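Asks: prediction below, plus the sequence it came from.
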Amino acid sequence: LPNLLNGRNAPDVYFEWVGNRLLERDADGFVADLSPFIEDGPLTGVLEEGQYGAATLDGRVLMVPHIADVTNVLWYNTEILDAAGIEAPTSWDELLDACDTLAADGIIPIASGNKDLWAAGNWLAHLVSRVVGHEEYDKALSGEADFSAPEWQQAFGYVEELAAHKCVNESVNAIDDNEGAQLFFQGKAAMHAIGSWLVSWAIDEAPDLDFDFVNLPAMPGEADPDSVIGVITGYVVNAKSDHDKQEKAAEFLALLSSADNTQAFVEAEAVPVTATASESIDERTVRLNSLLSESDVVISPPDTGYDLDVADAFYRSLAEVLGG
């Protein structure tokens, strides 16, 4: 994308994540302020004012949000948990007890394919953020504090407990996210920690699977008991395009968010922020969207919200502890 933006035929509209990536594009001068088009132009009334919150910086709207995803919850196979006499875990102790029971029965408690580091990394980043608190999490990943504080050691200790209780498959760091999901789809694992896209994925690949989710189980003495980890993606207009092209781009983004196109996206199993319950959305997706929109604390995944070198080092450290 940076090469495209600096090229001779740069895009007038491009896809991006809210967070560090969007801020980098803005710092490099490639993000137009969409406020004029929202206040009196093609984007007037397209989204509710509050939906621009995460994409707004110093009063400037940097992006038209399109999709909001919870990037990690704990999915569970209802039949497996029922057969084992286990309720969906909502606390740390309940989760470890469930791991012990399921592992003793020869069932993988939580499937994860972490070869590319983000799959378990995203889940465990949320876990440790619950222990250290979202402000300390943000400071450390932003480079304003280090990871050697006692609360970080305590947080990594909980990841160590997951390994000790055999909560994840032994192959966790050797297989990718697709292979991890297949363990769940095939009934070899009782739970799977991944994002909201699992709904459409499971409907396609495991249509008979009876599954549901809980948010990350509560951690002992945690700082943010109801936090959610999620991302917002959308489309940015290039500030270096001339004004006429910027206005055409704004018209295009208004068209993208129209009722007809929103319905088309829903039918394609991608749920835009403009969708409502009337568009026949899977009820699990509706609950996930509510979970994200109603949370007071939304955690950014390391690899979309922060510097990639820091995120990579953080993910590698989590993978090593999870792997024993």
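Replies: Perfect, I can see it now. Please read these numbers as outputs of a predicted model, since none were measured by experiment. Numbers count the residues shown, from 1 in each chain.

Asks: break down the stretch 1-150 of the chain into its strands, ranges please.
Replies: 13-17, 56-57, 60-61, 64-70, 73-77, 108-111 (DSSP state E, counting those that start in this stretch).

Asks: again with the stretch 151-300 of the chain
Replies: 189-194, 211-214, 228-237, 298-299.

Asks: with respect to S91, which of the ones you listed lies nearest?
Replies: strand 211-214 (10.4 Å; Cβ to Cβ). For every residue, glycine as well, the C-beta is placed using N, CA and C.

Asks: what lies in contact with that closest one?
Replies: Strand 211-214 is contacted from outside by 73-78, 88-90, 184, 202, 284, 287-288, using Cβ atoms under 8 Å, 6 or more residues apart in numbering.

Asks: chain neighbours aside, what residue packs nearest to the residue nearest to the spatial centre of the chain?
Replies: Centroid-nearest residue in the chain: T71, 2.1 Å away (criterion: Cα atoms, centre = their mean). Computed as Cβ to Cβ, 6 or more residues apart in numbering, the closest residue to T71 that is not its neighbour in sequence is G195, at 4.2 Å.

Asks: was I right about the one you found contacting V73?
Replies: Yes - between G195 and V73 there is a contact under Cβ atoms under 8 Å: 7.4 Å.

Asks: ok, these two, which is more surrounded?
Replies: V73 (26 against 22; other Cβ atoms under 10 Å).

Asks: helices of the stretch 51-200 of the chain, residue ranges please.
Replies: 78-83, 92-104, 118-132, 134-141, 150-164, 177-185, 198-205 (DSSP state H, counting those that start in this stretch).

Asks: buried set for the fifth one?
Replies: Counting neighbours by 16 or more other Cβ atoms under 10 Å, one finds that the buried residues in helix 150-164 are 152, 155-156, 158-159, 162.

Asks: check stretch 163-178 too.
Replies: Buried residues in stretch 163-178 (16+ other Cβ under 10 Å): 165-169, 171-173, 175, 177.

Asks: go on, stretch 39-53?
Replies: 42-43, 46-47, 51-52.

Asks: so which of those residues is the closest to E251?
Replies: Out of the buried residues of stretch 39-53, the member with the shortest distance to E251 (by Cβ to Cβ) is P42, at 4.3 Å.

Asks: any idea how far E16 is from that closest one?
Replies: 20 Å (Cβ to Cβ, to the nearest Å).

Asks: how about S91?
Replies: Distance, S91 to E16, using Cβ to Cβ: 37 Å.

Asks: who has more neighbours, the two?
Replies: E16 (22 against 12).

Asks: just checking, L102 touches I86?
Replies: Yes - counting by Cβ under 8 Å, L102 touches I86, with 7.3 Å between them.

Asks: more crowded one of those two?
Replies: Taking neighbours as other Cβ under 10 Å, L102 and I86 compare with L102 leading, 22 against 19.
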